[in-house]
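> predicted model and sequence below, questions to follow.
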Amino acid sequence: MMPDQQANLATRIAERNMVLLGQHYEKTAADLLAARRKARAARQETLFQIHPPLKGDPTCLTAQGMLHDPSDPVAEARSVVESLAIEDSNLVLVYRSGLAYLPMILLQKATQEWPNLKILVHEDRWEAVWESLTSLDWSVLIPSASVFLCLGENADAEIVSLLKAHPSLLSGGLRVTWGTKADEEGMRGLKDLLSALENIAADAPERLANWKKQVVSGSPRRKQRESVILCGRVFEDQMRGFQAGLEQNEVSVKRVERSPSMSRFVANEISWIETCGECPDIVASFNRSGFEPVELHEMGLAGVRRIAWFYDNPQRFDLLSPDFEHFDLFIVFDPHHISCLRSKTGKRVEHLRTATSFREAPDVPRPARCRQAPAVSFVGSSGMRRLQGFAGAIQRCPDPIRNMIENRTREWYGTDPIRLHNELLSLPIQSADLPSWQLLGLIEEYASMYLRLNYLQIVKPFGLMIFGDPGWADSRIPGTIPEAYAGWAPDYWTETPWIYRNSLINLNLFHVQCLDSPTIRVYDILACGGFLLTEYRPCLEEEFSIGRDLETFRTPEELSEKVDYYLRHDSERTKVARKGQERVLKHYTYVQRGADFLRLARSLLEKQ
């Protein structure tokens with residue numbers, strides 16, 4: 001193979017591996033890229049160099065010598081595996097995995113012979129990680145439920161933290177092996193790591209016995225306060241607000257978080273209680289559970305009630321996934337999603353609106369990076385990241401799909417949102433690259449972006465300023481919208497309240513999946529004392545008085561007219577903002593929504 005062909009191949013391998021790493025180990029991927037940028041900025045010379053293969057498989061040359069046998073690194077890895085006397089239930093720690101030959105051979109053997117084997121992959125040298133990702137195909141290793149990657153300078157601490165939280169992983173016995181040639185620095189690190197693991201193993205039997213005792217006794221209704229576990233990796237700020245709201249209702253609340261890769265790796269009959277730290281009354285997840293089917297099943301046997309609250313259209317998830325069958329109750333943010341979810345799952349489905357996380361009017365100083373208050377502001381996502389996730393999976397002809405969606409959206413622009421959504425769902429779009437539930441997400445994202453950009457283009461001449469993710473500056477966004485991007489995303493608690501309160505007009509634009517439900521943005525703008533101009537939805541009239549608490553628009557023409565009017569009528573605008581704030585803080589915080597949630601949850605507990 002010619003040098004330029006080798007370089008192109010390395011680039012393709014690296015790109016594929018990094019996409020997978022970002023999907024399954026988001027923080028690790030970000031840390032790796034940051035380490036690469038830091039090294040380039042410091043002009044550090046690499047101490048790791050890929051060595052040309054003698055038999056088709058490369059090794060890596062370092063100052064201490066070759067990481068792997070240059071004659072046949074794969075055969076070397078197989079020999080190590082054979083010498084380990086591995087049993088099916090073992091946890092194998094591969095210390096300093098180098099180019100990852102040993103983990104890959106272990107995974108092959110696990111697939112064939114040891115279905116319960118768990119493999120911890122350790123590599124604390126970012127350069128070794130990078131060289132491996134650009135040399136070998138990790139497409140089987142990264143997503144495997146049998147493998148967990150602990151990479152980078154904090155690899156030792158990650159392993160200690162993982163096993164301290166989940167000592168059940170040690171129940172089948174621990175095997176430790178080098179993934180590369182041993183070196184003096186690594187020997188010192190491994191000695192310290194093994195000392196920490198010995199302490200964890202010594203305490204593990206007692207801790208496991210106590211947790212198993214809780215499981216056997218079932219969910220402890222004898223406690224004075226009900227216990228709720230919140231889990232999920234989305235809507236961080238809203239979960240924090242919801243937690244505070246539940247606590248105001250005299251409920252014990254704890255939030256837990258596990259990455260999907262960790263959840264798959266640790267899942268067993270007791271891992272859920274290791275994560276929770278107790279046997280709670282209720283486990284509530286947002287959008288998707290942080291727990292695996294075996295864990296949800298065991299929760300049910302222990303008397304724990306399991307609730308999934310969808311903050312997105314539930315049809316954007318694989319409702320045939322095994323974890324959904326174990327929930328006792330589904331909650332949706334929009335009532336129009338109830339019938340579909342109920343028909344597909346056969347489970348109880350209830351509707352509960354969102355709320356504001358602010359329980360009182362926030363008083364925060366002007367952010368240093370905000371030089372002046374905007375005339376018209378929009379705070380929200382560009383949608384580019386979600387779109388790239390969906391569209392990136394389509395290997396052929398994504399542009400015709402986008403054009404079809406935009407044409408249908410343009411046809412029903414400014415009309416009934418339910419009719420628009422139905423028209424979008426009726427489009428004859430198919431893709432061999434995406435399942436139907438992900439294709440729905442793609443359609444909704446394209447349509448939402450098209451509508452959002454059209455409305456924002458209308459108000460841009462009035463002094464629009466957009467706050468959010470860097471996707472707003474993407475060159476693929478049409479028109480002049482990127483010119484209105486402020487260049488930063490405000491912190492929810494310390495910066496967003498000032499923007500809402502001081503913008504003359506705050507704009508709310510609904511996502512197309514919000515058929516008839518207020519968004520969190522509606523409640524937050526009003527809670528912070530901001531004047532809100534929002535797209536119309538009938539549900540707004542159920543909680544607010546339009547023209548007194550907030551203002552709405554139904555068409556592009558009405559949007560332009562009302563922006564122009566309220567920019568010229570300060571006293572009316574201020575009066576509406578004050579009334580809206582009073583109403584939200586009195587009726588629509590997560591204290592009130594928390595009480596509504598507990599009413600639904602307690603109805604499940606009463607049936608036991």
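Looks like it came in fine. Model, not experiment: these values are computed from the prediction. Residues are numbered from 1 along each chain as shown.

> you'd agree residue 536 is up against residue 552?
Yes - at 4.1 Å, residue 536 counts as touching residue 552 under the criterion of CB atoms under 8 Å. In short, each C-beta sits where N, CA and C put it, glycine included.

> and those two? Which one has more around it.
residue 552 (19 against 16; other CB atoms under 10 Å).

> what strands flank the helix or strand hosting that one, and is each parallel or antiparallel?
Per DSSP states H and E: residue 552 is located in strand 551-553. Paired strands of strand 551-553, with direction, are strand 532-535 (parallel) (DSSP bridges).

> tell me the buried residues in the partner strand?
For strand 532-535, the neighbour count (16 or more other CB atoms under 10 Å) marks 532, 533, 534, 535 as buried.

> make a markdown table from these and add distance to residue 193 and pLDDT to it.
Converted to a markdown table, the buried residues of strand 532-535 look like this (distance: CB to CB, whole Å; pLDDT from 0 to 100):
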| residue | distance to residue 193 | pLDDT |
| --- | --- | --- |
| 532 | 54 | 98 |
| 533 | 57 | 98 |
| 534 | 54 | 98 |
| 535 | 55 | 96 |
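
> can I get stretch 530-539 in PDB? Just the C-alpha atoms.
Only the C-alpha atoms of stretch 530-539 are listed here, as PDB (Å, rounded to 0.1, in the frame of the first residue of the first chain):
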ATOM      1  CA  GLY A 530     -39.500  38.600  30.800                       C
ATOM      2  CA  PHE A 531     -42.000  39.700  28.200                       C
ATOM      3  CA  LEU A 532     -42.900  36.600  26.200                       C
ATOM      4  CA  LEU A 533     -44.100  36.500  22.600                       C
ATOM      5  CA  THR A 534     -44.800  32.900  21.600                       C
ATOM      6  CA  GLU A 535     -46.200  30.900  18.800                       C
ATOM      7  CA  TYR A 536     -49.900  30.200  19.600                       C
ATOM      8  CA  ARG A 537     -51.100  26.800  21.000                       C
ATOM      9  CA  PRO A 538     -54.600  26.300  22.400                       C
ATOM     10  CA  CYS A 539     -53.100  25.000  25.600                       C
END
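
> pLDDT weak spots in the chain?
1-10, 44-49, 51-56, 215-224, 233-234, 289, 389-398, 607-608 (pLDDT under 70).

> break it down into its structural domains.
Domain assignment for the chain by automatic domain parsing gives 3-206, 221-355+593-605, 376-588.

> tabulate the ones you listed (CSV), appending distance to residue 365.
Formatted as CSV, these follow (distance: least, CB to CB, whole Å):
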stretch, distance to residue 365
domain 3-206, 30
domain 221-355+593-605, 19
domain 376-588, 7
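
> of all the ones you listed, which lies closest to residue 213?
Among the domains of the chain, the nearest to residue 213 by CB to CB is domain 221-355+593-605 (9.4 Å).

> where does residue 507 fall, phi/psi-wise?
When read as degrees, to the nearest 10, the backbone of residue 507 gives phi -100, psi 140.

> that one - nearest residue in space that isn't next to it in sequence?
Excluding its sequence neighbours, the residue lying closest to residue 507 (CB to CB, 6 or more residues apart in numbering) is residue 378, at 4.6 Å.

> which stretches of the stretch 101-250 of the chain form helices?
Secondary structure of the stretch 101-250 of the chain (DSSP state H, counting those that start in this stretch): helices located at 101-112, 126-133, 155-165, 184-217, 236-248.

> deepest-packed of those, please.
Stretch with highest mean neighbour count among these: helix 126-133 (a mean of 23; mean count of other CB atoms under 10 Å).

> quick revisit: show residues contacting the helix or strand just after the strand holding residue 552.
Going down the chain from strand 551-553, the next helix or strand is helix 556-567, by DSSP H and E. Residues from elsewhere that reach helix 556-567 (CB atoms under 8 Å, 6 or more residues apart in numbering): 375-376, 413-414, 454-455, 458-459, 462, 504-505, 531, 533, 551, 553, 572-573.
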